[in-house]
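J.: Kindly generate the corresponding structure for this input.
(one chain, ligands or ions: 1)
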Amino acid sequence: MELSELAGGLKVSKTCVGCWQFNDNKGAGTWKAQSYEVSKAIVDKAFELGLNFFDTAECYAGSEVTLGKCLQGRRQDAIIASKFGFREGITTPPYSPEQIDEAITASLEKLQTTYVDLMQVHCAHFLKDNKECVEELKRQIGRGRIRQYGLSNYGPNNLRSLFEHDTSAVSNQMSYNLLWRSLEHEVLPICREKGIGVLVYSPLQQGLLSGRFNTPEEVPGGRRRGKLYFGDRTKKSLHGQAGMEKEMFETLGRIRNICSKAGVPMSKTSLAWLLQQEGVASVIVGCRTPEQLEENSKIVNLSDDVVKQLTEATDELKAKLGKTLDQWVHPDRFD
Ligand SMILES: NC(=O)c1ccc[n+]([C@@H]2O[C@H](COP(=O)([O-])OP(=O)(O)OC[C@H]3O[C@@H](n4cnc5c(N)ncnc54)[C@H](OP(=O)(O)O)[C@@H]3O)[C@@H](O)[C@H]2O)c1
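T.: Below you'll find the model as predicted:
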């Protein structure tokens, strides 16, 4: 597996194992229950395929503990990315430097390790004070508890405010895929310019880009909360917008036709299209089975023509979506 090198020297596989689904059978909300045994089989398969990169977070119920257990005896072979934020759910207040220190201690304990390779700020609003919090993150690097720090869900203004104090963040983890291209307006160019690697989350738009779902009703409830869907699609929807279901499924139809003409499955095509965008360092895919991971890790190279066709087929949806970066909440939390 080809590796991407982030600033600061972390070498990560281009497919990263998304561990939000590693819930140790405590499935609720977005993802149904997944047993430890299945998660362990996915981690074993990742190493067999040459992948080394795993993404988790303090707020993914059961995930850090499960990942830590799965990595016993293999810690040195893995690059672990975790995040702090959302410890009390969506209304979690910002973290002070002391609370960042506590969050890192808790992550290290749950992961059964002495260091996290990449500690990410889950969203910009979780830093109480940019200057003091960045100093704390750098202190944590100095203490060897984290190797690098990264960002997540940082919009253009969030990035610019941070850069007033520090430019050493090595990555920005963002939602990006053929159905959600708002990143291209400002964030992707800024990250390219500053040498910040983009780590893509929800690269399959939570399974939609596998081609398995043809109507909104077929999509599992927890995954219908976002702005691509009508605001009242689920009781947990928080955006209150009209959504763009018609345009989204028409776009999916166009993508499906291009994939079938190119003879490449939609999920592989969608991941390849992302990895062929300049600035994307890795795609973080949530996998349910070792078989899904195997398929997602075998990266194909799309011709320039197919890349262009896919881009053009999704331009209309991109225009409708505009600059919104936050999939779930209106007004945007990611500025
Ligand atoms: N920083 C953030 O704010 C943030 C937000 C969201 C996610 N993340 C991270 O990003 C990771 C990935 O994002 P995500 O899980 O939201 O979305 P995703 O990767 O786009 O979709 C994951 C889902 O797609 C389906 N899938 C995966 N591979 C498949 C294949 N080859 N064929 C058919 N279906 C396939 C599976 O659905 P089934 O379960 O139905 O099989 C899987 O659960 C998460 O695990 C997490 O680590 C970060």
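
J.: give me the element the residue lying closest to Phe84 once chain neighbours are set aside is part of.
T.: Counting by Cβ to Cβ, 6 or more residues apart in numbering, Phe84 lies nearest to Ala103, which is 3.9 Å off, once chain neighbours are set aside. Placement of C-beta: from N, CA and C, glycine included. Assigned by DSSP states H and E, Ala103 belongs to helix 97-111.

J.: So which elements touch the very next helix or strand once past that helix?
T.: Per DSSP H and E, the first helix or strand lying C-terminal to helix 97-111 is strand 116-121. With contacts taken as 3 or more Cβ pairs under 8 Å, 6 or more residues apart in numbering; DSSP states H and E, strand 116-121 sits against strand 79-84, helix 97-111, helix 130-142, strand 146-152, strand 171-175.

J.: do that again at 7 Å, thanks
T.: Strand 116-121 makes packing contacts with strand 79-84, helix 97-111, strand 146-152 when contacts are defined by 3 or more Cβ pairs under 7 Å, 6 or more residues apart in numbering; DSSP states H and E.

J.: TSV please, covering those and showing mean pLDDT.
T.: Listed next are those as TSV, based on pLDDT from 0 to 100:
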stretch	mean pLDDT
strand 79-84	98
helix 97-111	98
strand 146-152	98
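
J.: could those go into JSON lines alongside distance to the ligand and mean neighbour count?
T.: Formatted as JSON lines, the helices and strands packed on strand 116-121 follow (distance: least, Cβ to the nearest ligand atom, whole Å; neighbours: other Cβ atoms under 10 Å):
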{"stretch": "strand 79-84", "distance to the ligand": "6", "mean neighbour count": "26"}
{"stretch": "helix 97-111", "distance to the ligand": "14", "mean neighbour count": "18"}
{"stretch": "strand 146-152", "distance to the ligand": "4", "mean neighbour count": "23"}
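
J.: how about the closest residue to Leu137 other than its chain neighbours, what does it touch?
T.: Excluding its sequence neighbours, the residue lying closest to Leu137 (Cβ to Cβ, 6+ apart) is Tyr149, at 4.3 Å. The neighbours of Tyr149, taking Cβ atoms under 7 Å, 6 or more residues apart in numbering as the test, are 119, 137, 141, 169.

J.: can you pull the contacts of the residue in the stretch 151-300 of the chain that the ligand sits nearest to?
T.: Closest contact between the stretch 151-300 of the chain and the ligand, by Cβ to the nearest ligand atom, is at Gly286 (2.5 Å). Going by Cβ under 7 Å, 6+ apart, Gly286 touches 18, 20-21.

J.: Looking at these, which one is closest to Glu98?
T.: Taking Cβ to Cβ as the measure, Glu98 sits nearest to Trp20 out of these, at 27.0 Å.

J.: Which strand or helix spans the closest one?
T.: With DSSP H and E as the test, Trp20 turns up in no helix or strand.

J.: Mind pulling up the pLDDT for the residue nearest to it when sequence neighbours are not counted?
T.: Leaving aside its sequence neighbours, Trp20 sits nearest to Tyr60 (Cβ to Cβ, 6+ apart; 4.7 Å). The per-residue pLDDT reported for Tyr60 equals 96.
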